[in-house]
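Trainee: give me a model of this one.
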Amino acid sequence: QLQFVESGGGLVQPGGSLRLSCAASEFTRRASAIGWFRQAPGKEREGVSCINNRTSLAHFVDSVKGRFSFSRDDAKNTIYLHMDHLKPEDTGIYYCVAVVGPDGFCTYRKKPDANWGQGTQVTVSS
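Mentor: Purely as a prediction, here's the structure:
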């Protein structure tokens, strides 16, 4: 079973920064790729960024490209999503989940045996 816990959200002013954490429990086997998704109020959940754990190749959707980035702490089995220059349209609940990661890349297709976590709320507002 693939289960991760998100944290690090909060209220931030436009132009501010946050670092979201995606932590796997010791009982969660290593996922080939991780995707970050967000769900804005009244909208469907959408993929924002993903990374392949083996190659570290990452993808960012156009709306966050240049503002979001990844880092990782393998000792803590945690991947971080760094979000800079935040905009009000970045507001939403952010989820990380294991995604299909073929050929060293990543996709926004959740793995069938992966579970959604509770997410972490990000609010960008003045």
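Trainee: so the residue positioned nearest the centre of the chain bridges to which residues?
Mentor: The centroid of the chain falls nearest to W36 when counting by CA atoms, centre = their mean (2.6 Å). W36 has these beta-bridge partners by DSSP bridges: S49, C96.
Trainee: list the contacts for it?
Mentor: For W36, the contact set (CB atoms under 8 Å, 6 or more residues apart in numbering) comprises 20, 22, 47-50, 81, 94-96. To be clear about C-beta, it is placed using only N, CA and C from the backbone, and glycine gets the same treatment.
Trainee: at 6 Å instead, please
Mentor: Taking CB atoms under 6 Å, 6 or more residues apart in numbering, we find W36 in contact with 48-49, 81, 96.
Trainee: and for N53?
Mentor: No contacts exist for N53 under CB under 6 Å, 6+ apart.
Trainee: give me the pLDDT for it.
Mentor: In this model, N53 is scored at 88, pLDDT.
Trainee: how close does the residue nearest to the centre of the chain sit to S63?
Mentor: 13 Å (CB to CB, to the nearest Å).
Trainee: ok, now A114?
Mentor: Here A114 is placed at a distance of 24 Å from S63 (CB to CB).
Trainee: how about N115?
Mentor: Applying CB to CB to N115 and S63 gives a distance of 26 Å.
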